[in-house]
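> Prediction below, plus the sequence it came from.
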Amino acid sequence: MHNRGPRRVGGCLEEIIFLSALDKPVLIIGGGVAGLAAALELDRRGLASLVVEKGPNLGGQARGFCCKALEVCARCGACRVGDLLQQAAQRPALGALTQALAVAAQRQGAGWEVTLIPQEGPKPTSPALALERPLGERLLVQTGAVILAVGHQVFDARKKSRLGYGRVPGVMTAGELEETLAKGGLPGQARRLAFVQCVGSRDQALGRLYCSRVCCGFALRLARLARYLEPGSEVTFFHMDVQDYGQAWRAELAEMRAGMRFIRAIPGEVRPGAGGPLAVFAGPDGQPQEEEFDLVVLATGLEPPVAAPALSEMFGLTPGAEGFLTGGQGVLVAGSAGGPRSIAESIESAAQAAASAAEHLVSGQAPSPEVAHA
Amino acid sequence: MRLNDCDPSFKHEIARQPGGEGIKTCFACAACTARCPVGSLKPEYDPRRLLRLAILGRREEVLSSPLIWLCCSCQNCSEVCPQDVRCTDVLTAIKNLAAAAGYAPPSGQAMARQLAAHGRLLEVGEFENDKRAELGLPPVSEQPGDYQALLGLKPEAPRPAGEGA
């Protein structure tokens, strides 16, 4: 069914693997950015794949992200989800099962046999794409390789109770602000905004010693967008240090520094004030200071996916250092399931995982782990 | 500040002291400073700054600083610290190093003399001894010489016969 000849890609003749002997599809667990990107990359290589998504819709968490462009693109990557969905819908060889959960896996030669069961859940929030089909009954899938693209979970800001989330009115997570901005504007009369970085990241007390890497970028872009939508608003950015995303970012950052107040401290406490949340922080002079805001936005970090322990056990994988997934023989990891990654980085890692899966199908050999989840 | 004036081994020295281990994990987020009650009364007092100076290796500057003795050990900083630095304990470690280097403040030295001479910092009078008698405890005398022996300040005095442990 996948017997194709050489074809032209980007002007050069690409060697295409003949799949008559490799007719098992690659199973991709997770239908977010990374899962879709992996499916498209496999398709580009002439390999069939089946995307399994436990939720009612493809697109994953990034679907709820807002475009952070002002007049020009902010390169946040949020629009890539729509692009990927659109591209995937145009590929007849792509299949996706929604509301499906992988519950068991058994090694079969160089590949796997994976058991899928239907997942009870909310009804689809958007009309199903041509390739989406909800799983009706228990299904056994034989596959040559598995790509784990189950994404991440967002840190629950309630665990940092001192910062007031769920307790102090006017404290929200950056994800919630994304949703609000995606719908069109700042909530209420918010003019004095504070962003608190590293909530649930770089926190030994929580066992989250790593940097989530994406928060500086999305929080600052959100802040800039908020100022653009409400020109009178003032932004205070509480941070330890700012991630470096390269040359272009440095120029953007210099501009942001000019327009916002950067304070190199994380508030020790946020409590209800007379007119909004009151933050207690070390001021630039090294003295405790209190200031009232209309909105305190917590940049919550990325955590390993909920399914990581179950999947590790299912596929016999060694858990990663921070609880994120690592690959194994015939099992590749794509996107933020393997560690904190931005949308662009997730797509990149998905392409690598797809390439490694293709290599595994051809040789029956495990690709070197560096390649598998670099 | 010149690197030549910094002592990179200072933080390791602090980390070797009991309670000082946490210093190496500090990210300087200043949550400690935000919640420090001393800082809100004494503008120069900033625990993040003290820890930063220590990590940078400004040994003399830290040990000779009168500010390190102002910590009131309320543990607010330990409570908010995302990195489990245990700032109060680190400052205690720094204070111990400062005392060993001869930087103990005069009030501290006076207390040490008091302790060596009398075995305690507070006067024990009739009131306390009455309370002790109610609890069936022997009275405490005003001049217990053997405290000095305990502190190694004079040879141990022979115990009077019949006095139990």
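Nice, thanks for sending it over.
> and A:Pro118, how many residues sit next to it?
When neighbours are counted by other Cβ atoms under 10 Å in any protein chain shown, A:Pro118 registers 17. Where you see a C-beta, it was placed from the backbone N, CA and C, and this is true even at glycine.
> Alongside chain A, which residues does chain B contribute?
Remark: the part of chain B in contact with chain A comprises B:25, B:27-36, B:39-40, B:43, B:46, B:48-49, B:76, B:80-84, using Cβ under 8 Å from any Cβ of the partner chain.
> among those residues, which ones are buried?
Buried subset of these (neighbour count, 16 or more other Cβ atoms under 10 Å in any protein chain shown): B:25, B:27-36, B:39-40, B:46, B:48-49, B:76, B:80-83.
> Among the residues you listed, which lie within helices?
Assigned to helices by DSSP state H, the following of these qualify: B:Ala31, B:Cys32, B:Thr33, B:Ala34, B:Gly39, B:Ser40, B:Arg48, B:Arg49, B:Asn76, B:Val80.
> and which of the residues you listed is nearest to A:Gly339?
B:Ala31 (25.9 Å; Cβ to Cβ).
> check contacts around the closest one.
By Cβ atoms under 8 Å, 6 or more residues apart in numbering or on different chains, B:Ala31 lies in contact with A:Ala265, A:Ile266, A:Pro267, A:Gly268, A:Ala282, B:Cys77, B:Val80, B:Cys81, B:Pro82.
> all helices of the chain, in order?
No chain was given, so I picked chain A. Assigned by DSSP H, the helices in chain A fall at A:33-44, A:80-89, A:174-182, A:215-229, A:247-259, A:308-314, A:343-363, A:369-372.
> right idea, wrong chain: chain B
With helices called from DSSP H, chain B shows them at B:10-16, B:31-34, B:37-41, B:47-56, B:59-63, B:76-80, B:87-100, B:106-118, B:126-134, B:146-150.
> how distant is the first one from the center of its chain?
For helix B:10-16, the separation from the chain centroid amounts to 16 Å (computed by Cα atoms, centre = their mean, to the nearest Å).
> Just list what that helix packs against, helices and strands only.
Other helices and strands packing on helix B:10-16, by 3 or more Cβ pairs under 8 Å, 6 or more residues apart in numbering or on different chains; DSSP states H and E, are helix B:47-56, helix B:87-100.
> what's the spacing between the first one and its chain's center?
In terms of Cα atoms, centre = their mean, the centre of helix B:47-56 is set 18 Å apart from its chain centre.
> repeat for stretch A:86-97
20 Å.
> ok, back up a step: a markdown table for the ones in helices among the buried ones among the residues of chain B next to chain A, including distance to A:Phe315 and pLDDT?
Output for these, formatted as a markdown table (distance: Cβ to Cβ, whole Å; pLDDT from 0 to 100):
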| residue | distance to A:Phe315 | pLDDT |
| --- | --- | --- |
| B:Ala31 | 40 | 96 |
| B:Cys32 | 43 | 96 |
| B:Thr33 | 46 | 96 |
| B:Ala34 | 45 | 95 |
| B:Gly39 | 52 | 92 |
| B:Ser40 | 54 | 89 |
| B:Arg48 | 45 | 96 |
| B:Arg49 | 49 | 95 |
| B:Asn76 | 46 | 95 |
| B:Val80 | 40 | 94 |
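> just to revisit the earlier point, I'd like to know which of the helices of chain B lies nearest to A:Ala357.
A:Ala357 sits nearest to helix B:31-34 of all these, at 44.2 Å, using Cβ to Cβ.
> quick one: low-confidence ranges for chain B?
Residue ranges of chain B with pLDDT under 70: B:142-165.
> Break chain B down into its domains, please.
Chain B is divided into the following domains under automatic domain parsing: B:3-100, B:106-150.
> looking at the ones you listed, which is buried most?
Burial of those is given as mean neighbour count (mean count of other Cβ atoms under 10 Å in any protein chain shown); domain B:3-100 ranks first at a mean of 19.
> Next to chain B in this structure, residues from the stretch 151-300 of chain A, please.
Contacts of the stretch 151-300 of chain A with chain B, taken as Cβ under 8 Å from any Cβ, map to A:162, A:198, A:202-206, A:240, A:264-269, A:280-282, A:285-289.
> go again using 7 Å as the cut-off
Counting by Cβ under 7 Å from any Cβ of the partner chain, the residues of the stretch 151-300 of chain A close to chain B are A:162, A:202-205, A:240, A:265-269, A:280-282, A:286-288.
> what's the closest non-adjacent residue to the residue nearest to the spatial centre of chain B?
Nearest to the geometric centre of chain B sits B:Thr92, at 4.7 Å (Cα atoms, centre = their mean). Spatial nearest neighbour of B:Thr92, chain neighbours left out: B:Gly19 (5.5 Å); criterion: Cβ to Cβ, 6 or more residues apart in numbering or on different chains.
> picking that back up, may I see the helices and strands packed on helix B:10-16 arranged in a markdown table, with distance to A:Gly339 as well?
What follows is the helices and strands packed on helix B:10-16, written out as a markdown table (distance: least, Cβ to Cβ, whole Å):
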| stretch | distance to A:Gly339 |
| --- | --- |
| helix B:47-56 | 28 |
| helix B:87-100 | 30 |
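> A:Pro169 is nearest to which of these?
Closest among these, using Cβ to Cβ: helix B:47-56, at 29.5 Å.
> Please work out which residues outside the closest one touch it.
Outside helix B:47-56, the residues that touch it by Cβ atoms under 7 Å, 6 or more residues apart in numbering or on different chains are A:282, A:286, B:6, B:10-11, B:14, B:23, B:26, B:28, B:30, B:32-33, B:36, B:61-62, B:67-68, B:77, B:87, B:90, B:94.
> Report the contact partners of the residue lying closest to B:Asp89 once chain neighbours are set aside.
With sequence-adjacent residues excluded and distances taken as Cβ to Cβ, 6+ apart, B:Asp89 is closest to B:Gly19, at 3.2 Å. Listed by Cβ under 7 Å, 6+ apart, the contact partners of B:Gly19 are B:Arg86, B:Asp89, B:Val90, B:Thr92, B:Ala93.
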